[in-house]
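Colleague: Quick one, fold the following:
(2 chains)
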Number of protein chains: 2
Amino acid sequence: MDPTADTPSDFPSPPWDRVAIIGVGLLGGSLGLALKARRLCRQVVGIGRNMQRLEEAIGQGAIDIGSTDLPSGVAGCQWVVVCTPIQQIAAHVLEAAKAAPHAMITDVGSTKESLVRQLASFPDLRFVGSHPMAGSEKSGCQHGSAQLFDRRLVFVTPSPATPKTWTVEVRKFWESVGAQSIAIDPDQHDLCVAQVSHLPHLIASALATSTDPHWIPMAASGWSSTTRVAAGDPALWTQILMENRTPVLQATRKFATILQAWVDALESGDGEKIEQLLEAGKQSRDALGNRHPSS
Amino acid sequence: MDPTADTPSDFPSPPWDRVAIIGVGLLGGSLGLALKARRLCRQVVGIGRNMQRLEEAIGQGAIDIGSTDLPSGVAGCQWVVVCTPIQQIAAHVLEAAKAAPHAMITDVGSTKESLVRQLASFPDLRFVGSHPMAGSEKSGCQHGSAQLFDRRLVFVTPSPATPKTWTVEVRKFWESVGAQSIAIDPDQHDLCVAQVSHLPHLIASALATSTDPHWIPMAASGWSSTTRVAAGDPALWTQILMENRTPVLQATRKFATILQAWVDALESGDGEKIEQLLEAGKQSRDALGNRHPSS
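Modeller: Here you go, the predicted structure:
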């Protein structure tokens, strides 16, 4: 593929005429709200399986029209954003590309290497993967917000064959709804999110489970923060963790090594070692700075 | 000791004339601010090693006068609240009791069994241990707040020999600054906080350390919440964890068992087991309800 085949100039600037969102949940609904709040497109088309839920999304102002038929929903759209569960994304991208061959297609899936590799065998696909680091332990369009992407990081994950101009367009798309964007290799992305998102979820869940139920009413803000994400949807997170199983396992093993150092230090009553472990944790946590003061 | 020796009626009700706070850090300073904001006493005496810091605490309105001499500072006080690091509390309680034999003495130490056992051999001591489940990853009086104890839980930990009326007075004291209180055996307290406070700290620290430094800038709210408490003071937390080493080790081993179930499920790619683990974590986290919505 010729990287100059699509120059930025051949792709329309906002406001776009039509943007399709496949899967109008928390992320899809928030994207619709953001596109409309910022007047970035004339019409947001929501595509889903359940007409009643699409009508609720229309009522919430997240989409303008709803369709349960993917091909007719995406027809004539400049953008298609696939916000369905990770295991359905590839099929939805391919179906959308057939019905809207001139649309730029992206997605919001939490893992990227397997998806990008699967789709790389379709060279004409105008697809670049994305992963917005935005979400909530709540799910559903009713918890959506036009501000969900504000200052949040969106990973954009081109394959080696992706024209640079497409990557630029997808980054501009996310920045237009308030996000910051970064381009990263799909496999590096998966290693990164295993550490900064998937392992914390697993750990929060294990920690919540380890607490005796009769002590939970005594918990204060420390337990509350440390376990917060464990309230997330188990079915959704099972898909994410299964999809990114190898990097998550690697991250979990590294964590287990550090945990063993803790057990050893506690067993031997080695206060100096405990303080070293705590210093290392503090140094790492302090490196985040105040980027998420409300969390 | 005769449990009726001190009836509630022989102990003055607020506003008290003088309350001494030994150790004017985050908790001690916040207590001073709360006592003054609620006009619960005429004069708050701050006792510390460093006169300059005490003067800063006066400037912040946390205390009225400062003293680096414990005996003269506590003299004539109705209440003495020991807010020094855990390993100094017993000595400070004994020193205060000698200089202010009519004062009711309590503390804010994070572990209770060892302290209460040590002090139980002094039968005339008007002491009942406390542990407010309030704090912050920040330390120092300058981060104090008159609202720090609002609706927070304070454990009050009588020994079997403690007169019931004293326990009542100490609970009333904490409730007067906005807290909720509960009486609990010191050893049960230590098991509880190992699970709901100390283990979360250890886990947050280990998780922060396990993250490759170059991925930390990509972290979103999940990592941020899950590791938040790891920013706490390592020296302070070393003391807490060393003091409560046995229950913490027990809680850590239980956590490690659950982590091993995670490793097994990931290794074998057992999605059903992963979903079960996540469901258990969600059920436990959801049991907290919305008690700490901002965390």
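
Colleague: Please make it C-alpha for all contacts and neighbour counts, starting now.
Modeller: OK.

Colleague: I'd guessed A:L125 sits against A:A97; true?
Modeller: Yes: between A:L125 and A:A97 there is a contact under CA atoms under 8 Å: 6.6 Å.

Colleague: what's the distance between the closest residue to A:Q118 other than its chain neighbours and A:A103?
Modeller: Leaving aside its chain neighbours, A:Q118 sits nearest to A:A90 (7.4 Å; criterion: CA to CA, 6 or more residues apart in numbering or on different chains). Per CA to CA, to the nearest Å, A:A90 is found 16 Å from A:A103.

Colleague: that older thread, so the residue nearest to A:Q118, which state does it fall into?
Modeller: helix (DSSP: H, G, I helix; E, B strand; the rest coil).

Colleague: ok, it - contacts?
Modeller: Counting by CA atoms under 8 Å, 6 or more residues apart in numbering or on different chains, A:A90 makes contact with A:L115, A:Q118, A:L119.

Colleague: which of those are buried?
Modeller: Restricting the contacts of A:A90 to buried positions leaves A:L115, A:L119, with burial counted as 16 or more other CA atoms under 10 Å in any protein chain shown.

Colleague: A:T165: which element?
Modeller: In the assignment (DSSP states H and E), A:T165 maps to helix A:164-176.

Colleague: Are that helix and chain B in contact anywhere?
Modeller: No: applying CA under 8 Å from any CA of the partner chain, one finds helix A:164-176 separated from chain B by no less than 15.9 Å.

Colleague: And that helix, what does it pack against?
Modeller: Under the contact criterion of 3 or more CA pairs under 8 Å, 6 or more residues apart in numbering or on different chains; DSSP states H and E, helix A:164-176 touches strand A:153-157, strand A:180-183.

Colleague: Against which helices or strands is the longest one packed?
Modeller: This means strand A:153-157. Using 3+ CA pairs under 8 Å, 6+ apart: strand A:153-157 touches strand A:129-132, helix A:164-176, strand A:180-183, helix A:186-193.

Colleague: Which parts of the stretch 101-250 of chain A are helices?
Modeller: When assigned using DSSP state H, counting those that start in this stretch, the helices of the stretch 101-250 of chain A occupy the ranges A:113-119, A:164-176, A:186-193, A:199-210, A:221-227, A:234-243, A:245-268.

Colleague: Reformat those helices as JSON lines; add mean pLDDT.
Modeller: Compiled in JSON lines, those are given as follows (pLDDT from 0 to 100):
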{"stretch": "helix A:113-119", "mean pLDDT": "95"}
{"stretch": "helix A:164-176", "mean pLDDT": "97"}
{"stretch": "helix A:186-193", "mean pLDDT": "97"}
{"stretch": "helix A:199-210", "mean pLDDT": "98"}
{"stretch": "helix A:221-227", "mean pLDDT": "94"}
{"stretch": "helix A:234-243", "mean pLDDT": "93"}
{"stretch": "helix A:245-268", "mean pLDDT": "98"}
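
Colleague: dump the residue contacts of A:V248.
Modeller: Contacts of A:V248 by CA under 8 Å, 6+ apart are A:L191, A:A194, A:Q195, A:H198, A:L199, A:L241.

Colleague: What about chain B: which of these touch it?
Modeller: Within those, those near chain B by CA under 8 Å from any CA are A:Q195.

Colleague: And the contacts of A:V248, which is closest to chain B?
Modeller: Of all the contacts of A:V248, chain B sits closest to A:Q195, with 5.8 Å by CA to the nearest CA.

Colleague: Measure how buried A:Q250 is and give me the count.
Modeller: Applying other CA atoms under 10 Å in any protein chain shown, we find 17 residues neighbouring A:Q250.

Colleague: And the residue in the stretch 51-200 of chain A that chain B sits nearest to, how far from A:Q60?
Modeller: For the stretch 51-200 of chain A, the residue closest to chain B is A:V196, as judged by CA to the nearest CA, at 5.2 Å. Using CA to CA, we find A:V196 at a distance of 32 Å from A:Q60.
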